[in-house]
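Asker: the following block contains a protein sequence and its predicted model.
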Amino acid sequence: MVFNSWPFWIFFSLFIPVYWALPFRGQRLFTLAASYFFYGWWDWRFLPLIAFSTVMDFCLGNLVAAAPAGPPRQRYIWISVFVNLLLLGVFKYYNFFADQLDTALSSLGITVSLPLLNVILPVGISFYTFQSMSYVFDIARGIAKPASSFWNFALYVSFFPHLVAGPIMRSGAKGHEELGRGLLKQLEVPRVSRPDDFSLGLYYILVGLFKKVVVGDNMASLVNSIFGRESDQLTGLECLVGVYAFAWQIYADFSGYSSIAQGLAKWMGIDLMDNFKIPYLAISPSDFWRRWHISLSTWLRDYVYISLGGSRGSTSIVYRNLMITMILGGIWHGANWTFVLWGLFHGLLLCIYRFMGWEGRAPVSAFGRAWRIVLMFQFVCFGWLLFRAENISQVVTFLHLIATDWRITASVTAMLGLMVFYTIPLFLFEFWLDRRKKNLLALPQGSWSVRAVVYAYMILMLIFFPSPNAHEFIYFQF
(Lines give C-alpha, C1' and ligand atoms only; values in the text may rest on other atoms or scores of the structure.)
Protein backbone atom coordinates (compact mmCIF):
# COMPACT_ATOMS: atom_id res chain seq x y z
CA MET A 1 0.00 0.00 0.00
CA VAL A 2 1.22 3.46 -0.85
CA PHE A 3 -0.15 6.79 0.32
CA ASN A 4 -1.25 7.80 -3.18
CA SER A 5 -3.44 4.72 -3.71
CA TRP A 6 -7.06 3.87 -3.01
CA PRO A 7 -6.25 0.66 -1.07
CA PHE A 8 -4.34 2.71 1.50
CA TRP A 9 -7.12 5.23 2.02
CA ILE A 10 -9.68 2.45 2.35
CA PHE A 11 -7.38 0.85 4.94
CA PHE A 12 -6.95 4.13 6.83
CA SER A 13 -10.65 5.04 6.71
CA LEU A 14 -11.43 1.70 8.36
CA PHE A 15 -8.56 2.04 10.83
CA ILE A 16 -9.05 5.55 12.24
CA PRO A 17 -12.60 5.29 13.70
CA VAL A 18 -11.74 2.02 15.45
CA TYR A 19 -8.48 3.55 16.69
CA TRP A 20 -10.27 6.41 18.46
CA ALA A 21 -13.04 4.16 19.77
CA LEU A 22 -10.62 1.87 21.63
CA PRO A 23 -9.17 2.44 25.12
CA PHE A 24 -5.43 3.12 25.40
CA ARG A 25 -4.24 -0.50 25.68
CA GLY A 26 -6.50 -1.71 22.90
CA GLN A 27 -5.51 1.27 20.77
CA ARG A 28 -1.84 0.35 21.12
CA LEU A 29 -2.29 -3.30 20.14
CA PHE A 30 -4.69 -2.44 17.32
CA THR A 31 -2.21 0.08 15.85
CA LEU A 32 0.59 -2.47 16.13
CA ALA A 33 -1.50 -5.06 14.29
CA ALA A 34 -2.44 -2.47 11.63
CA SER A 35 1.24 -1.54 11.23
CA TYR A 36 2.24 -5.15 10.66
CA PHE A 37 -0.64 -5.58 8.21
CA PHE A 38 0.48 -2.42 6.39
CA TYR A 39 4.08 -3.65 6.19
CA GLY A 40 3.06 -7.18 5.23
CA TRP A 41 1.00 -5.83 2.34
CA TRP A 42 4.21 -5.62 0.27
CA ASP A 43 5.50 -9.05 1.23
CA TRP A 44 4.50 -10.92 4.38
CA ARG A 45 7.85 -12.74 4.38
CA PHE A 46 9.54 -9.56 5.66
CA LEU A 47 7.47 -9.52 8.85
CA PRO A 48 9.80 -11.91 10.76
CA LEU A 49 12.72 -9.61 9.86
CA ILE A 50 11.23 -6.49 11.46
CA ALA A 51 9.99 -8.60 14.38
CA PHE A 52 13.50 -9.99 14.93
CA SER A 53 15.07 -6.50 14.95
CA THR A 54 12.41 -5.33 17.38
CA VAL A 55 12.89 -8.19 19.86
CA MET A 56 16.68 -8.00 19.65
CA ASP A 57 17.01 -4.27 20.28
CA PHE A 58 14.35 -4.27 23.00
CA CYS A 59 16.30 -6.94 24.88
CA LEU A 60 19.65 -5.26 24.21
CA GLY A 61 18.29 -1.93 25.41
CA ASN A 62 17.29 -3.51 28.71
CA LEU A 63 20.67 -5.24 29.02
CA VAL A 64 22.51 -1.97 28.30
CA ALA A 65 20.46 -0.16 30.95
CA ALA A 66 21.23 -2.85 33.55
CA ALA A 67 24.93 -3.30 32.67
CA PRO A 68 27.68 -1.27 34.37
CA ALA A 69 29.56 1.25 32.24
CA GLY A 70 32.54 -0.13 30.38
CA PRO A 71 33.11 -3.38 28.44
CA PRO A 72 29.87 -5.13 29.49
CA ARG A 73 27.73 -2.27 28.18
CA GLN A 74 29.87 -1.83 25.05
CA ARG A 75 29.43 -5.52 24.27
CA TYR A 76 25.66 -5.16 23.99
CA ILE A 77 25.96 -2.00 21.90
CA TRP A 78 28.26 -3.72 19.43
CA ILE A 79 25.90 -6.70 19.17
CA SER A 80 23.13 -4.29 18.11
CA VAL A 81 25.40 -2.56 15.60
CA PHE A 82 26.81 -5.79 14.19
CA VAL A 83 23.52 -7.65 13.78
CA ASN A 84 21.59 -4.68 12.38
CA LEU A 85 24.33 -3.81 9.91
CA LEU A 86 24.69 -7.50 9.01
CA LEU A 87 21.01 -7.59 8.07
CA LEU A 88 21.45 -4.45 5.99
CA GLY A 89 24.60 -5.87 4.44
CA VAL A 90 23.01 -9.15 3.42
CA PHE A 91 19.85 -7.70 1.90
CA LYS A 92 21.17 -4.39 0.56
CA TYR A 93 24.87 -4.70 -0.20
CA TYR A 94 25.91 -8.36 -0.53
CA ASN A 95 25.24 -8.77 -4.26
CA PHE A 96 26.99 -5.47 -5.06
CA PHE A 97 30.15 -6.31 -3.12
CA ALA A 98 30.17 -9.90 -4.40
CA ASP A 99 30.04 -8.62 -7.97
CA GLN A 100 32.78 -6.04 -7.31
CA LEU A 101 34.99 -8.69 -5.72
CA ASP A 102 34.49 -11.02 -8.68
CA THR A 103 35.48 -8.20 -11.04
CA ALA A 104 38.56 -7.27 -8.98
CA LEU A 105 39.77 -10.86 -8.77
CA SER A 106 39.16 -11.41 -12.50
CA SER A 107 41.41 -8.44 -13.27
CA LEU A 108 44.16 -10.28 -11.35
CA GLY A 109 43.59 -13.45 -13.33
CA ILE A 110 41.70 -15.20 -10.56
CA THR A 111 38.38 -16.65 -11.63
CA VAL A 112 35.88 -16.75 -8.79
CA SER A 113 32.12 -16.77 -9.02
CA LEU A 114 30.58 -15.88 -5.69
CA PRO A 115 26.95 -16.92 -5.26
CA LEU A 116 24.39 -14.12 -5.51
CA LEU A 117 21.27 -13.81 -3.39
CA ASN A 118 18.01 -13.86 -5.29
CA VAL A 119 16.11 -11.71 -2.77
CA ILE A 120 14.42 -8.35 -3.01
CA LEU A 121 15.25 -5.51 -0.64
CA PRO A 122 12.85 -5.39 2.33
CA VAL A 123 11.07 -2.06 2.04
CA GLY A 124 12.03 0.47 4.73
CA ILE A 125 14.80 -1.67 6.23
CA SER A 126 17.29 1.21 6.33
CA PHE A 127 14.81 3.39 8.20
CA TYR A 128 13.61 1.04 10.91
CA THR A 129 17.07 -0.45 11.62
CA PHE A 130 18.52 3.05 12.19
CA GLN A 131 15.59 3.97 14.41
CA SER A 132 15.95 0.77 16.40
CA MET A 133 19.72 1.24 16.83
CA SER A 134 19.31 4.82 18.01
CA TYR A 135 17.19 3.53 20.90
CA VAL A 136 20.08 1.35 22.14
CA PHE A 137 22.61 4.15 21.63
CA ASP A 138 20.58 6.66 23.62
CA ILE A 139 20.12 4.28 26.53
CA ALA A 140 23.88 3.64 26.54
CA ARG A 141 24.54 7.37 26.64
CA GLY A 142 22.21 7.79 29.57
CA ILE A 143 19.92 10.23 27.79
CA ALA A 144 16.98 7.85 27.38
CA LYS A 145 15.30 5.14 29.42
CA PRO A 146 14.17 1.70 28.25
CA ALA A 147 10.63 1.38 26.92
CA SER A 148 7.99 0.81 29.58
CA SER A 149 6.78 -2.30 27.72
CA PHE A 150 7.71 -4.45 24.76
CA TRP A 151 4.48 -3.53 22.94
CA ASN A 152 5.28 0.17 23.14
CA PHE A 153 8.72 -0.45 21.66
CA ALA A 154 7.32 -2.71 18.94
CA LEU A 155 4.92 0.04 17.92
CA TYR A 156 7.77 2.60 18.04
CA VAL A 157 9.69 0.53 15.48
CA SER A 158 6.75 -0.33 13.22
CA PHE A 159 4.46 2.75 13.46
CA PHE A 160 2.99 2.62 9.95
CA PRO A 161 2.69 6.30 8.92
CA HIS A 162 6.47 6.69 8.75
CA LEU A 163 7.59 3.05 8.63
CA VAL A 164 8.87 2.66 5.08
CA ALA A 165 10.39 6.08 4.29
CA GLY A 166 10.78 8.00 7.51
CA PRO A 167 11.29 10.34 9.13
CA ILE A 168 13.66 8.33 11.35
CA MET A 169 12.22 9.15 14.76
CA ARG A 170 13.98 9.01 18.13
CA SER A 171 12.68 7.52 21.33
CA GLY A 172 12.58 10.87 23.14
CA ALA A 173 16.09 11.34 24.49
CA LYS A 174 17.22 14.45 26.31
CA GLY A 175 19.17 16.84 24.14
CA HIS A 176 17.18 15.99 21.01
CA GLU A 177 14.61 18.73 21.50
CA GLU A 178 15.17 20.09 18.00
CA LEU A 179 13.89 16.77 16.65
CA GLY A 180 10.46 17.27 18.19
CA ARG A 181 8.67 15.14 20.72
CA GLY A 182 10.12 11.64 20.88
CA LEU A 183 7.92 8.99 19.30
CA LEU A 184 8.36 6.38 22.02
CA LYS A 185 7.49 8.89 24.73
CA GLN A 186 4.30 9.78 22.88
CA LEU A 187 3.32 6.13 22.45
CA GLU A 188 3.72 5.43 26.16
CA VAL A 189 0.97 7.83 27.23
CA PRO A 190 -2.71 7.88 26.23
CA ARG A 191 -3.49 10.00 23.19
CA VAL A 192 -6.09 12.74 23.28
CA SER A 193 -7.86 14.38 20.39
CA ARG A 194 -6.40 17.90 20.16
CA PRO A 195 -8.38 20.79 18.62
CA ASP A 196 -5.95 21.56 15.79
CA ASP A 197 -5.01 18.01 14.84
CA PHE A 198 -7.58 17.61 12.07
CA SER A 199 -6.82 20.91 10.32
CA LEU A 200 -3.05 20.47 10.62
CA GLY A 201 -3.28 16.85 9.48
CA LEU A 202 -5.37 17.90 6.48
CA TYR A 203 -2.79 20.54 5.60
CA TYR A 204 0.12 18.11 5.74
CA ILE A 205 -1.72 15.43 3.75
CA LEU A 206 -2.96 17.80 1.04
CA VAL A 207 0.45 19.41 0.59
CA GLY A 208 2.09 15.98 0.54
CA LEU A 209 -0.29 14.57 -2.06
CA PHE A 210 0.12 17.67 -4.21
CA LYS A 211 3.91 17.37 -4.05
CA LYS A 212 3.91 13.66 -4.86
CA VAL A 213 1.07 13.26 -7.37
CA VAL A 214 1.26 16.57 -9.21
CA VAL A 215 4.90 17.67 -8.99
CA GLY A 216 6.94 14.55 -8.21
CA ASP A 217 5.23 12.10 -10.55
CA ASN A 218 5.01 14.55 -13.46
CA MET A 219 8.71 15.36 -13.07
CA ALA A 220 9.41 11.60 -12.91
CA SER A 221 8.05 11.19 -16.44
CA LEU A 222 10.46 13.86 -17.70
CA VAL A 223 13.39 12.45 -15.77
CA ASN A 224 12.85 8.88 -16.95
CA SER A 225 12.56 10.05 -20.55
CA ILE A 226 16.01 11.67 -20.28
CA PHE A 227 17.95 9.17 -18.15
CA GLY A 228 16.46 6.26 -20.08
CA ARG A 229 17.68 7.41 -23.50
CA GLU A 230 20.87 6.50 -25.31
CA SER A 231 23.51 9.23 -25.27
CA ASP A 232 23.34 9.76 -29.07
CA GLN A 233 19.67 10.74 -28.65
CA LEU A 234 20.38 13.53 -26.14
CA THR A 235 21.63 17.10 -26.19
CA GLY A 236 23.40 18.91 -23.38
CA LEU A 237 20.40 21.11 -22.61
CA GLU A 238 18.14 18.05 -22.43
CA CYS A 239 20.55 16.48 -19.92
CA LEU A 240 20.60 19.71 -17.89
CA VAL A 241 16.82 19.95 -17.84
CA GLY A 242 16.65 16.29 -16.83
CA VAL A 243 18.92 16.96 -13.85
CA TYR A 244 16.86 19.98 -12.73
CA ALA A 245 13.67 17.97 -13.17
CA PHE A 246 15.10 15.24 -10.96
CA ALA A 247 15.97 17.83 -8.30
CA TRP A 248 12.28 18.71 -8.10
CA GLN A 249 11.14 15.11 -8.45
CA ILE A 250 13.15 13.78 -5.53
CA TYR A 251 12.28 16.75 -3.33
CA ALA A 252 8.55 16.67 -4.07
CA ASP A 253 8.46 12.87 -3.86
CA PHE A 254 10.36 12.47 -0.58
CA SER A 255 9.11 15.56 1.24
CA GLY A 256 5.61 14.66 0.03
CA TYR A 257 5.86 11.27 1.74
CA SER A 258 7.12 12.86 4.97
CA SER A 259 4.32 15.43 4.87
CA ILE A 260 1.61 12.79 4.42
CA ALA A 261 3.16 10.74 7.24
CA GLN A 262 2.99 13.80 9.52
CA GLY A 263 -0.65 14.37 8.60
CA LEU A 264 -1.67 10.77 9.25
CA ALA A 265 0.12 10.81 12.60
CA LYS A 266 -1.59 14.12 13.51
CA TRP A 267 -4.97 12.47 12.95
CA MET A 268 -3.80 9.83 15.44
CA GLY A 269 -2.73 12.40 18.04
CA ILE A 270 1.00 11.83 17.34
CA ASP A 271 3.62 14.42 16.30
CA LEU A 272 6.32 13.47 13.81
CA MET A 273 9.29 15.74 13.24
CA ASP A 274 9.70 17.98 10.20
CA ASN A 275 11.97 16.14 7.78
CA PHE A 276 12.34 19.01 5.29
CA LYS A 277 12.53 22.77 5.73
CA ILE A 278 12.59 24.32 2.25
CA PRO A 279 16.04 22.90 1.37
CA TYR A 280 16.48 24.62 -1.99
CA LEU A 281 16.72 27.97 -0.20
CA ALA A 282 19.88 26.81 1.60
CA ILE A 283 22.88 29.14 1.40
CA SER A 284 25.59 26.58 2.26
CA PRO A 285 26.14 22.80 2.50
CA SER A 286 25.58 22.71 6.27
CA ASP A 287 22.46 24.82 5.83
CA PHE A 288 21.25 22.35 3.19
CA TRP A 289 21.69 19.42 5.56
CA ARG A 290 19.83 21.29 8.27
CA ARG A 291 16.92 21.43 5.82
CA TRP A 292 17.12 18.16 3.81
CA HIS A 293 16.26 14.70 5.19
CA ILE A 294 16.74 16.15 8.66
CA SER A 295 16.10 12.87 10.46
CA LEU A 296 19.00 11.15 8.63
CA SER A 297 21.40 14.11 8.77
CA THR A 298 20.87 14.52 12.53
CA TRP A 299 21.22 10.73 13.01
CA LEU A 300 24.57 10.79 11.20
CA ARG A 301 25.60 13.88 13.17
CA ASP A 302 24.73 12.40 16.57
CA TYR A 303 25.93 8.82 16.12
CA VAL A 304 28.71 9.04 13.51
CA TYR A 305 30.17 12.55 13.28
CA ILE A 306 30.15 13.29 17.02
CA SER A 307 31.33 9.76 17.85
CA LEU A 308 34.31 10.31 15.55
CA GLY A 309 35.17 13.50 17.42
CA GLY A 310 32.98 16.01 15.62
CA SER A 311 34.50 19.46 15.35
CA ARG A 312 37.01 18.79 18.10
CA GLY A 313 40.66 18.39 17.21
CA SER A 314 42.76 19.64 14.33
CA THR A 315 41.39 20.86 11.04
CA SER A 316 42.46 17.67 9.26
CA ILE A 317 40.62 15.57 11.87
CA VAL A 318 37.44 17.60 11.36
CA TYR A 319 37.69 17.18 7.59
CA ARG A 320 38.21 13.44 8.06
CA ASN A 321 35.12 13.23 10.25
CA LEU A 322 33.05 15.13 7.70
CA MET A 323 34.19 12.94 4.83
CA ILE A 324 33.57 9.65 6.67
CA THR A 325 30.13 10.80 7.79
CA MET A 326 29.00 11.89 4.34
CA ILE A 327 30.42 8.84 2.55
CA LEU A 328 28.54 6.62 4.99
CA GLY A 329 25.45 8.73 4.29
CA GLY A 330 25.91 8.02 0.60
CA ILE A 331 26.37 4.29 1.17
CA TRP A 332 23.20 4.25 3.31
CA HIS A 333 21.22 5.09 0.18
CA GLY A 334 22.24 2.04 -1.78
CA ALA A 335 24.81 -0.31 -3.28
CA ASN A 336 26.17 1.67 -6.19
CA TRP A 337 29.37 3.62 -6.76
CA THR A 338 27.25 6.61 -7.73
CA PHE A 339 25.95 6.85 -4.14
CA VAL A 340 29.51 6.66 -2.82
CA LEU A 341 30.49 9.52 -5.16
CA TRP A 342 27.41 11.48 -4.08
CA GLY A 343 28.43 11.19 -0.42
CA LEU A 344 32.06 11.99 -1.29
CA PHE A 345 30.97 15.09 -3.21
CA HIS A 346 28.87 16.42 -0.33
CA GLY A 347 31.71 15.72 2.10
CA LEU A 348 34.12 17.68 -0.10
CA LEU A 349 31.59 20.50 -0.39
CA LEU A 350 31.31 20.76 3.40
CA CYS A 351 35.11 20.81 3.72
CA ILE A 352 35.58 23.44 0.98
CA TYR A 353 32.97 25.78 2.46
CA ARG A 354 34.55 25.36 5.90
CA PHE A 355 38.04 25.98 4.47
CA MET A 356 36.89 29.11 2.63
CA GLY A 357 35.17 30.43 5.75
CA TRP A 358 31.77 30.54 4.04
CA GLU A 359 29.99 28.39 6.61
CA GLY A 360 28.16 30.33 9.28
CA ARG A 361 28.69 33.69 7.59
CA ALA A 362 25.23 35.14 7.09
CA PRO A 363 24.77 37.22 3.91
CA VAL A 364 24.45 40.92 4.64
CA SER A 365 22.06 41.72 1.81
CA ALA A 366 19.22 40.21 -0.16
CA PHE A 367 21.50 40.01 -3.20
CA GLY A 368 24.19 38.24 -1.18
CA ARG A 369 21.67 35.68 0.04
CA ALA A 370 20.21 35.23 -3.46
CA TRP A 371 23.49 34.43 -5.20
CA ARG A 372 24.48 32.01 -2.44
CA ILE A 373 21.14 30.21 -2.80
CA VAL A 374 21.59 29.96 -6.58
CA LEU A 375 25.16 28.69 -6.23
CA MET A 376 24.22 26.12 -3.62
CA PHE A 377 21.32 24.89 -5.76
CA GLN A 378 23.73 24.26 -8.66
CA PHE A 379 26.02 22.26 -6.38
CA VAL A 380 23.07 20.24 -5.09
CA CYS A 381 21.90 19.54 -8.65
CA PHE A 382 25.36 18.27 -9.60
CA GLY A 383 25.04 15.92 -6.65
CA TRP A 384 21.63 14.81 -7.93
CA LEU A 385 23.23 13.83 -11.23
CA LEU A 386 25.53 11.49 -9.31
CA PHE A 387 22.56 10.23 -7.29
CA ARG A 388 20.22 9.53 -10.23
CA ALA A 389 22.65 8.21 -12.83
CA GLU A 390 22.58 4.49 -13.47
CA ASN A 391 26.39 4.32 -13.38
CA ILE A 392 29.51 6.47 -13.50
CA SER A 393 29.67 6.19 -17.29
CA GLN A 394 26.31 7.94 -17.56
CA VAL A 395 27.55 10.73 -15.29
CA VAL A 396 30.56 11.30 -17.58
CA THR A 397 28.34 11.25 -20.68
CA PHE A 398 25.90 13.80 -19.23
CA LEU A 399 28.70 16.13 -18.12
CA HIS A 400 30.33 15.94 -21.57
CA LEU A 401 27.06 16.74 -23.34
CA ILE A 402 26.23 19.59 -20.94
CA ALA A 403 29.65 21.12 -21.58
CA THR A 404 29.63 20.74 -25.37
CA ASP A 405 26.10 20.58 -26.81
CA TRP A 406 23.74 23.50 -26.18
CA ARG A 407 21.29 22.94 -29.02
CA ILE A 408 17.79 24.15 -28.27
CA THR A 409 15.35 21.46 -29.32
CA ALA A 410 11.57 21.16 -29.23
CA SER A 411 12.01 18.63 -26.42
CA VAL A 412 13.92 21.16 -24.30
CA THR A 413 11.28 23.82 -24.83
CA ALA A 414 8.44 21.47 -23.96
CA MET A 415 10.17 20.15 -20.83
CA LEU A 416 11.01 23.65 -19.60
CA GLY A 417 7.38 24.67 -20.05
CA LEU A 418 6.20 21.67 -18.04
CA MET A 419 8.76 22.36 -15.31
CA VAL A 420 7.60 25.95 -14.98
CA PHE A 421 3.95 24.91 -14.88
CA TYR A 422 4.40 22.28 -12.17
CA THR A 423 7.27 23.55 -10.02
CA ILE A 424 7.09 27.37 -9.95
CA PRO A 425 3.84 27.49 -7.91
CA LEU A 426 5.43 25.14 -5.36
CA PHE A 427 8.59 27.27 -5.27
CA LEU A 428 6.60 30.48 -4.77
CA PHE A 429 4.52 28.87 -2.03
CA GLU A 430 7.62 27.72 -0.16
CA PHE A 431 9.33 31.09 -0.70
CA TRP A 432 6.29 32.67 0.92
CA LEU A 433 6.60 30.24 3.83
CA ASP A 434 10.28 31.12 4.15
CA ARG A 435 9.42 34.80 4.35
CA ARG A 436 7.21 33.86 7.31
CA LYS A 437 10.43 33.00 9.15
CA LYS A 438 10.32 29.33 8.14
CA ASN A 439 6.94 28.87 9.81
CA LEU A 440 5.76 25.81 7.90
CA LEU A 441 2.34 26.15 9.52
CA ALA A 442 1.82 29.72 8.33
CA LEU A 443 -0.94 28.57 5.99
CA PRO A 444 -3.22 26.49 8.29
CA GLN A 445 -2.83 29.09 11.02
CA GLY A 446 -3.46 32.00 8.65
CA SER A 447 -6.58 33.58 7.21
CA TRP A 448 -9.34 31.49 5.67
CA SER A 449 -9.20 33.41 2.40
CA VAL A 450 -5.55 32.56 1.72
CA ARG A 451 -6.11 28.99 2.86
CA ALA A 452 -9.11 28.58 0.57
CA VAL A 453 -7.20 29.80 -2.49
CA VAL A 454 -4.19 27.53 -1.87
CA TYR A 455 -6.29 24.49 -0.98
CA ALA A 456 -8.54 24.99 -4.01
CA TYR A 457 -5.51 25.26 -6.30
CA MET A 458 -3.97 22.05 -4.93
CA ILE A 459 -7.23 20.11 -5.13
CA LEU A 460 -7.90 21.23 -8.70
CA MET A 461 -4.36 20.29 -9.71
CA LEU A 462 -4.81 16.88 -8.10
CA ILE A 463 -8.03 16.38 -10.05
CA PHE A 464 -7.00 17.71 -13.46
CA PHE A 465 -3.20 17.40 -13.63
CA PRO A 466 -2.05 14.19 -11.93
CA SER A 467 0.68 12.30 -13.72
CA PRO A 468 -0.74 9.77 -16.21
CA ASN A 469 1.62 7.23 -14.66
CA ALA A 470 1.81 6.74 -10.90
CA HIS A 471 5.34 6.18 -9.61
CA GLU A 472 6.49 4.46 -6.45
CA PHE A 473 8.03 6.72 -3.81
CA ILE A 474 11.76 7.01 -4.57
CA TYR A 475 12.89 6.27 -1.03
CA PHE A 476 11.07 2.95 -0.90
CA GLN A 477 14.17 1.50 -2.57
CA PHE A 478 16.37 2.59 0.34
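Answerer: Received, thanks.

Asker: show me the chain divided up by domain.
Answerer: Here the domain parsing of the chain from automatic domain parsing is 6-187, 199-283+363-477.

Asker: now the ones you listed as a markdown table including distance to Ala335?
Answerer: In this view, the C-beta of every residue, glycine as well, is placed from N, C-alpha and C. Formatted as a markdown table, these follow (distance: least, C-beta to C-beta, whole Å):
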| stretch | distance to Ala335 |
| --- | --- |
| domain 6-187 | 3 |
| domain 199-283+363-477 | 11 |
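
Asker: redo these as a markdown table? Include mean pLDDT, distance to Arg290 and mean neighbour count.
Answerer: A markdown table is the format used below for these (pLDDT from 0 to 100; distance: least, C-beta to C-beta, whole Å; neighbours: other C-beta atoms under 10 Å):
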| stretch | mean pLDDT | distance to Arg290 | mean neighbour count |
| --- | --- | --- | --- |
| domain 6-187 | 88 | 9 | 17 |
| domain 199-283+363-477 | 90 | 7 | 18 |
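
Asker: helices or strands next to the helix or strand where Val157 lies in the packing?
Answerer: Per DSSP states H and E, Val157 falls inside helix 150-158. Helix 150-158 sits against helix 24-40, helix 47-66, helix 125-140, helix 183-187, with contacts defined as 3 or more C-beta pairs under 8 Å, 6 or more residues apart in numbering; DSSP states H and E.

Asker: distance to Arg320 for those - can I get that in TSV?
Answerer: Compiled in TSV, the helices and strands packed on helix 150-158 are given as follows (distance: least, C-beta to C-beta, whole Å):
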stretch	distance to Arg320
helix 24-40	38
helix 47-66	28
helix 125-140	21
helix 183-187	33
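
Asker: which stretch among those comes nearest Leu222?
Answerer: When these are compared by C-beta to C-beta, helix 125-140 sits nearest Leu222, at 27.1 Å.

Asker: who are the packing partners of that closest one?
Answerer: Using 3+ C-beta pairs under 8 Å, 6+ apart, the elements in contact with helix 125-140 are helix 47-66, helix 71-88, helix 150-158, helix 294-300.

Asker: rerun that using 10 Å as the cut-off
Answerer: Counting contacts by 3 or more C-beta pairs under 10 Å, 6 or more residues apart in numbering; DSSP states H and E, the secondary-structure elements packed against helix 125-140 are helix 47-66, helix 71-88, helix 150-158, helix 183-187, helix 294-300, helix 315-333.

Asker: closest one to Ile278 among the ones you listed?
Answerer: When the helices and strands packed on helix 125-140 are compared by C-beta to C-beta, helix 294-300 sits nearest Ile278, at 11.6 Å.

Asker: in that closest one, what counts as buried?
Answerer: Neighbour counts using 16 or more other C-beta atoms under 10 Å place 294-300 of helix 294-300 among the buried residues.

Asker: of these, just say which sits nearest to Thr325.
Answerer: Leu300 (5.2 Å).

Asker: quick check: closest non-adjacent residue to Gln249.
Answerer: Once flanking residues are discounted, Gln249 sits nearest to Met219: 3.7 Å by C-beta to C-beta, 6 or more residues apart in numbering.

Asker: just Ser286 next, same as before
Answerer: Glu359 (5.4 Å).

Asker: what's the pLDDT at that neighbour?
Answerer: With respect to pLDDT, Glu359 scores 77.

Asker: could we number from 35 for the rest of this?
Answerer: New numbering, starting at 35: the last item is Glu393.

Asker: that one in helix, strand or coil?
Answerer: coil (DSSP: H, G, I helix; E, B strand; the rest coil).

Asker: how near is it to Met410?
Answerer: For Glu393, the distance to Met410 equals 12 Å [C-beta to C-beta, to the nearest Å].

Asker: what of Gly377?
Answerer: In terms of C-beta to C-beta, Gly377 sits 17 Å off from Met410.

Asker: repeat that for Leu122.
Answerer: Leu122 is 31 Å from Met410, by C-beta to C-beta.

Asker: now do Ser348
Answerer: With the distance defined as C-beta to C-beta, Ser348 ends up 27 Å from Met410.

Asker: helices or strands next to the longest helix belonging to the chain in the packing?
Answerer: The single longest helix within the chain, with elements called by DSSP state H, is helix 270-300. If you count contacts as 3+ C-beta pairs under 10 Å, 6+ apart, helix 270-300 packs onto helix 40-55, helix 231-243, helix 251-261, helix 400-422, helix 426-438, helix 444-469.

Asker: dump those helices into JSON lines; add distance to Leu274 as well.
Answerer: As requested, the helices and strands packed on helix 270-300 are exported to JSON lines (distance: least, C-beta to C-beta, whole Å):
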{"stretch": "helix 40-55", "distance to Leu274": "36"}
{"stretch": "helix 231-243", "distance to Leu274": "28"}
{"stretch": "helix 251-261", "distance to Leu274": "9"}
{"stretch": "helix 400-422", "distance to Leu274": "9"}
{"stretch": "helix 426-438", "distance to Leu274": "5"}
{"stretch": "helix 444-469", "distance to Leu274": "9"}
